[in-house]
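Participant: The following block contains a protein sequence and its predicted model.
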Amino acid sequence: MIGTPCGILAYHRVAELEFDPQLLAVAPKHFAEQLQVLREAYRPMALQDWVANLKRGTLPRRAVVVTFDDGYADNLFNAKALLENYSVPATVFITAGRVGNSEEFWWDQLARVLLEPGDLPEEFDLDVGGTAMRIRLSEASQYTERDRVLHHSWNILRPDDPTPRHRVYRLLCQLFQAMDEEVRDVNIERMFSYAGYSRQARSTHRTLSALEVRDLAKGELVEVGAHTITHPVLANLSSEEQRAEIRSSKQMLEDMIGCRVLSFAYPYGTDTSYTADTVAIVREAGFGQACANFSGGVWRLTDRYQLPRNVVRDWSGEEFARWLDSWVLDRT
Ligand SMILES: [Zn+2]
């Protein structure tokens, strides 16, 4: 089959972070360089236009779409002005139940309590589905400023775990993702109280407020899309629960911005994090398209409710251009 040389890019954050274990942030300088590459060598399009062209079979060559997941405040404060500078449209998928929340996303809270300087007990128990799991930090119960500096470039894709805290962080990322939100929250609360931290979000890691979502949606360039209420693994929920997450996030965001919300992105977005049932619910809820999070190009017959996306990392413009060239094959 002949592929259309185009694709959807997945971003999360535009920010300068000292430590980014999930590799979610692109530095503002790099984001500007990437937008320049898109403007000069590609055809940046709004997601809805892009899908309309996909359906008609009229997608231009080198058409790309910029999307953001989750709803971090930096999407407004750092990304929007740059998108405007380069006239690149974007869709921002917002976790509706986290708008205006005083706490960080669970993965950021976990990184903060385990991989930022502080003390935790040498051993403690967590509640994993009703059974106690003993966490042993041993000599890593204290994590110093020196440790933070030493391991500042560590991330989840690295094969090594330089300290027991990194091993525990990796393990808990897997467990917490699948965990019921309330149980996960009890565990995070327990770890924060051991560490003596307040759970108030760090200014560098907070989510958008309702007012900021409205600001983000102002103008022609940014589309607000839905990303559920609580960011669950939808495949783990009953149909009823999925319906509530999906429909309510659409409704909440529509009430917030005063216009229709037509695009959706599955939390986590791998092919095991949602099911055929989920796709049907998204369609019935009135969305026109939905983005997944596995990589790939797009063909005319690609299911517009399971659009592949390609995750962008903190690359310079040059690295980004090379990466784009490697998968956006220039042939029709
Ligand atoms: Zn997400």
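Facilitator: Happy to help now that I have it. Numbering: from 1, shown residues only.

Participant: burial of Y268, as a residue count?
Facilitator: Using other C-beta atoms under 10 Å, Y268 has 18 neighbouring residues. Backbone N, C-alpha and C define where each C-beta goes, glycine included.

Participant: Let me see the contact set for it.
Facilitator: Contact partners of Y268, counting by C-beta atoms under 8 Å, 6 or more residues apart in numbering, are 177, 233, 293.

Participant: The stretch 201-332 of the chain against the ion: which residues are in contact?
Facilitator: P267 (C-beta under 5 Å from the ion).

Participant: ok, the residue in the stretch 201-332 of the chain positioned nearest to the ion to R62 distance?
Facilitator: With C-beta to the ion, the shortest gap between the stretch 201-332 of the chain and the ion falls at P267, namely 4.7 Å. With distances taken as C-beta to C-beta, to the nearest Å, P267 is found 29 Å from R62.

Participant: what about the two, which has more around it?
Facilitator: P267 (21 against 18).

Participant: Could you tell me which residues make contact with that one?
Facilitator: Residues counted as contacts of P267 (C-beta under 8 Å, 6+ apart) are 95, 227-228, 231-234, 273.

Participant: change it to 7 Å
Facilitator: Applying C-beta atoms under 7 Å, 6 or more residues apart in numbering, we find P267 in contact with 227-228, 231-234, 273.

Participant: And Y143, by the same measure?
Facilitator: Each residue near Y143 by C-beta under 7 Å, 6+ apart is listed here: 117-118, 165.

Participant: Kindly report the same for A79.
Facilitator: 14, 31, 68.

Participant: Give me the mean pLDDT for stretch 259-266.
Facilitator: Here stretch 259-266 scores 98 as its mean pLDDT.

Participant: residues contacting the residue nearest the centre of the chain?
Facilitator: Geometric centre of the chain, nearest residue: D69, 3.8 Å, by C-alpha atoms, centre = their mean. By C-beta under 7 Å, 6+ apart, the residues touching D69 are 10, 12, 93, 227, 265.

Participant: Now for the nearest residue to it once chain neighbours are set aside: which residues touch it?
Facilitator: Closest residue to D69 apart from its sequence neighbours, by C-beta to C-beta, 6 or more residues apart in numbering: F93 at 5.0 Å. By C-beta under 7 Å, 6+ apart, F93 lies in contact with 67-69, 225-227, 265.

Participant: Just the ones of these in helices?
Facilitator: Of the positions in the contacts of F93, not one sits in helices, assigned by DSSP state H.

Participant: backbone phi and psi for N310, please?
Facilitator: Note on N310: its backbone torsions stand at phi -120, psi 120 [degrees, to the nearest 10].

Participant: Mind listing the residues bridging to it?
Facilitator: L9 (DSSP bridges).

Participant: just the strands in the stretch 51-200 of the chain please.
Facilitator: Along the stretch 51-200 of the chain, counting by DSSP state E, counting those that start in this stretch, strands occupy 63-70, 90-94, 118-119, 123-128, 131-136, 142-143.
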